[in-house]
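Colleague: sequence and predicted structure below; questions after.
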Amino acid sequence: MAEMSGNGAIAQEVGVFLTEAAAAKLRSILEEKGKTGYGLRVFVTGGGCGGMQYGMTFENEEREGDWVAEQHGIKVYVDPVSMFYIQGSRIDYVDTLMGGGFHIENPNAVSTCGCGSSFRTAQTHTGEEPASCGY
């Protein structure tokens, strides 16, 4: 179980989950960049061909309201609005002959774009239906 900061309430078995392969790649990148004590911030922003897009950056401190969990030795941070869109998502690292990259499997996405980093959900965090993007 992970703990929600801010109000100290315990989160249910939900969140964003790193595979061992993703955590290993992140550890390697963090070591290479000399970012001791950093973890991964996963977030969602408006834009992209699907209406929403994923973002990831390195972070070393928790913000108010963040969901935070340590997985395979990597701390993961997600803000509350982003968590609405990516709750239950699985982040993997795939290395193929065509190249490697992080892949997000999002159970909340009702459609995704071919780029793999853009998606649309059935509702926004305010309960509204998102604008149609031609899907």
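Modeller: Alright, I've got the coordinates.
Colleague: so residue 64: helix, strand or coil?
Modeller: Classification of residue 64 using DSSP: H, G, I helix; E, B strand; the rest coil returns coil.
Colleague: can you give me the neighbour number for it?
Modeller: By the other CB atoms under 10 Å criterion, the neighbourhood of residue 64 contains 8 residues. In this view, the C-beta of every residue, glycine as well, is placed from N, C-alpha and C.
Colleague: measure it to residue 94 for me?
Modeller: 34 Å (CB to CB, to the nearest Å).
Colleague: tell me which other helices or strands the biggest helix by length in the chain touches.
Modeller: Looking across the chain with DSSP state H, the single longest helix is helix 20-32. In terms of contacts (3 or more CB pairs under 8 Å, 6 or more residues apart in numbering; DSSP states H and E), helix 20-32 is packed against strand 74-78, strand 90-96, strand 99-105.
Colleague: contacts for that helix, please.
Modeller: Applying CB atoms under 8 Å, 6 or more residues apart in numbering, the contact partners of helix 20-32 are 18, 36, 38, 40, 58, 71-74, 91-95, 100, 102.
Colleague: model confidence over it, on average?
Modeller: The average of the pLDDT scores along helix 20-32 is 97.
Colleague: and the helix or strand just after it, which strands flank it?
Modeller: Counting by DSSP states H and E, the next helix or strand C-terminal to helix 20-32 is strand 39-46. Sheet pairing of strand 39-46 (DSSP bridges) gives strand 52-59 (antiparallel), strand 74-78 (parallel).
Colleague: out of those strands, which one sits most buried?
Modeller: strand 74-78 (a mean of 22; mean count of other CB atoms under 10 Å).
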